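# structure for this input, please:
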Amino acid sequence: MGRNGLSLALAAAIVATAGAPAARAQVLGSDAAACNTGQGPAVRVAITGLKDMRGELKLELYPANEDDFLAGEDELTAQGKPFRRVTVPVPAGGGATMCIRVPRPGRWALFVGHDRDGKRKFNFWSDGAGFPSNRRIGRAKPKLADALIDVGPGITTTSVRMQYLRGLGGFGPIG
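Here you go, the predicted model:
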């Protein structure tokens, strides 16, 4: 193919893909079908800023009040309060999109954890945390206001940038 033929072929390829939608990240987790089929209420969370590709990611949904936020699953379940957790191995690609079903539309608290050591209990020294507000966590206990998300009847989308312990300054994004 001559120079003009190559240019025409390249131009045709560009035009053919210009209107094509961008590829969507694979949605992970046991609730992925809810987000993929639009069967809400559910929350689709794009997770960025992972420190490394080891361990598991967990996405947790809590009632939107101070008493229940980050309470133990057993405690919430015993009180008949809604709690949901979805876990997946950290994907090799450097980011992840997860989905979690929500019992009903409304205001909820959402937490993303990166369990790097595999102990299934938050390790302050190595694990990561993130919330929908993406505000820097620092050295204080995470605030409920940073975790709140309003979920509609369909699929609500948000993004969470992970944070890890960064010396004396407490938790913050890496890089």
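
# quick one: contacts for residue 45?
59, 97-100, 110, 112, 132, 157-160 (Cβ atoms under 8 Å, 6 or more residues apart in numbering). (C-beta placed from N, C-alpha, C; glycine too.)

# which strand runs longest in the chain?
strand 106-115 (DSSP state E).

# pull the distance from the helix or strand just after it to the chain's centre.
Once the chain leaves strand 106-115, the next helix or strand it forms, by DSSP states H and E, is strand 128-130. Taking Cα atoms, centre = their mean, to the nearest Å, one finds strand 128-130 lying 10 Å from the centre of the chain it belongs to.

# circling back: from the contacts of residue 45, list just the buried residues.
In the contacts of residue 45, burial by neighbour count holds for 59, 97-100, 110, 112, 132, 158, 160, counting by 16 or more other Cβ atoms under 10 Å.

# ok, which stretches of this protein are helices?
Using DSSP state H, the helices assigned to the chain run over residues 3-18, 32-37, 73-78, 144-147.

# apart from its chain neighbours, what residue comes closest to residue 34?
Closest residue to residue 34 apart from its sequence neighbours, by Cβ to Cβ, 6 or more residues apart in numbering: residue 42 at 4.1 Å.

# on contacts alone, who are the packing partners of the longest strand of the chain?
Counting contacts by 3 or more Cβ pairs under 8 Å, 6 or more residues apart in numbering; DSSP states H and E, strand 106-115 is packed against strand 42-48, strand 56-63, strand 128-130, helix 144-147, strand 148-151, strand 155-161.
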